[in-house]
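K.L.:
Sequence and predicted model, in that order:
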Amino acid sequence: MRLTVFLGAPGSGKGTQAKMLSQRERFVHLSTGDILRNAIKEGTLLGKEAKTFMDKGELVPDSTMIGLIKDTLSQLKPNQHVLLDGFPRTVAQAEALNSNPTTQVEQAILFEIADPLLIERLTGRRVCKQCGQPFHMKHIPSRKEGVCDLCGGQVVQRSDDHEDVVRRRLEIFHSQNKGLVDYYSEKQKLKRINVDQPADSVQKILMELLK
Ligand code: AP5
């Protein structure tokens with residue numbers, strides 16, 4: 001399996017880019033946030049546990065996330081190129097991937113952008129309730145207000161995109177990110193992208209990196 005991980009703050013555009021890539025190329029987009037939100041929607045035990053953390057902007061415990069991702073990756077075909085969006089978020093999660101010969105990370109791509117822009121992106125974000133496609137009220141609006149361009153589903157605000165929760169998520173991101181950056185830098189797998197530019201420009205850079 002080929003594994004590329006997207007690192008970066010909440011709102012840096014990881015989901016937007018991974019979705020664009022998986023729509024045009026043969027990548028498998030795996031978002032731990034989407035998996036957890038689906039579990040919440042379905043009312044599973046995992047969903048119930050995750051909700052208590054996600055609503056406050058906290059991380060779901062490593063033991064739960066590592067089990068979840070191992071399980072999910074083991075169900076994929078060995079020749080697939082997977083874009084991991086939202087995992088790893090801690091060094092313990094990165095080590096868990098590294099400890100298995102079949103889940104070695106090929107490259108870690110860090111999406112870089114300043115915090116004030118992230119707050120604007122997240123509080124303005126809207127997502128499709130049905131397929132998860134992200135939009136932005138100002139930058140990337142849906143063609144018809146409140147309706148998803150892709151599936152016609154209802155476009156709503158995520159419960160963790162209110163400003164107080166966004167600030168907590170950013171705080172947690174900064175407390176964990178340096179460890180991850182050091183981890184992948186030491187392994188010479190880290191690449192950085194400035195994502196303070198239009199989504200199409202970021203996409204072009206990513207396509208080059210993923211060739
Ligand atoms: P998750 O869903 O992964 O949230 P996140 O990492 O906080 O990332 P986001 O989805 O908020 O942002 P994004 O980078 O994907 O940005 P997007 O493309 O949407 O996780 C949610 C929660 O689940 C966590 O808080 C945690 O509780 C839990 N969790 C998940 N994984 C976990 C793990 N491994 N361990 C522990 N807990 C875990 O873009 C944002 C907005 O900007 C959109 O409106 C978009 O339209 C717009 N936009 C995108 N690109 C551009 C651009 N270039 N220019 C202008 N606007 C843009």
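P.N.:
Right, received. Where do you want to start? Residues are numbered from 1 along each chain as shown.
K.L.:
alpha carbons only for contacts and neighbour counts from here, please
P.N.:
Will do.
K.L.:
Next up, phi/psi of the residue of the chain most remote from its centre, please.
P.N.:
What lies farthest from the middle of the chain is Lys144; by CA atoms, centre = their mean that is 25.4 Å. Taking degrees, to the nearest 10, you get phi -110, psi 130 for the backbone angles of Lys144.
K.L.:
Quick check: bridge partners of it?
P.N.:
Note on Lys144: beta-bridge partners by DSSP bridges are Val147.
K.L.:
Name the nearest residue to Lys19, ignoring sequence neighbours.
P.N.:
Distance criterion CA to CA, 6 or more residues apart in numbering; nearest residue to Lys19, sequence neighbours excluded, is His29 at 6.6 Å.
K.L.:
Show residues contacting the helix or strand where the one you found lies.
P.N.:
Under the criterion of DSSP states H and E, His29 resides in strand 27-31. The contact list for strand 27-31 (CA atoms under 8 Å, 6 or more residues apart in numbering) reads 15, 18-19, 21-22, 80-87.
K.L.:
now, among the residues you listed, which is nearest to Arg121?
P.N.:
The closest of those to Arg121 turns out to be Gly15 (CA to CA; 12.7 Å).
K.L.:
give me the number of residues near the nearest residue to the closest one once chain neighbours are set aside?
P.N.:
Excluding the flanking residues, the one nearest Gly15 by CA to CA, 6+ apart is Asp85, at 6.5 Å. Residues lying near Asp85 (other CA atoms under 10 Å) number 25.
K.L.:
hang on, isn't Asp85 packed against Thr32?
P.N.:
Yes - under the criterion of CA atoms under 8 Å, Asp85 makes contact with Thr32 at 6.7 Å.
K.L.:
Quick one: name the residues of the protein near the ligand.
P.N.:
With CA under 6 Å from any ligand atom as the criterion, the chain comes near the ligand at residues 10-16, 32-34, 53-54, 57-61, 65, 86-89, 121-122, 124-126, 134-136, 139-140, 169, 195, 197-199.
K.L.:
how does it look with 5 Å?
P.N.:
Taking CA under 5 Å from any ligand atom as the measure of proximity, the chain contacts the ligand at 10-16, 32-33, 54, 57-60, 86-87, 89, 121, 125, 135-136, 198-199.
K.L.:
Out of those residues, which end up buried?
P.N.:
Buried by 16 or more other CA atoms under 10 Å: 10-16, 32, 54, 57-59, 86-87, 89, 121, 125, 135-136, out of those.
K.L.:
contacting residues for Thr123?
P.N.:
By CA under 8 Å, 6+ apart, the contact set of Thr123 is Asp161, His162, Glu163, Val166.
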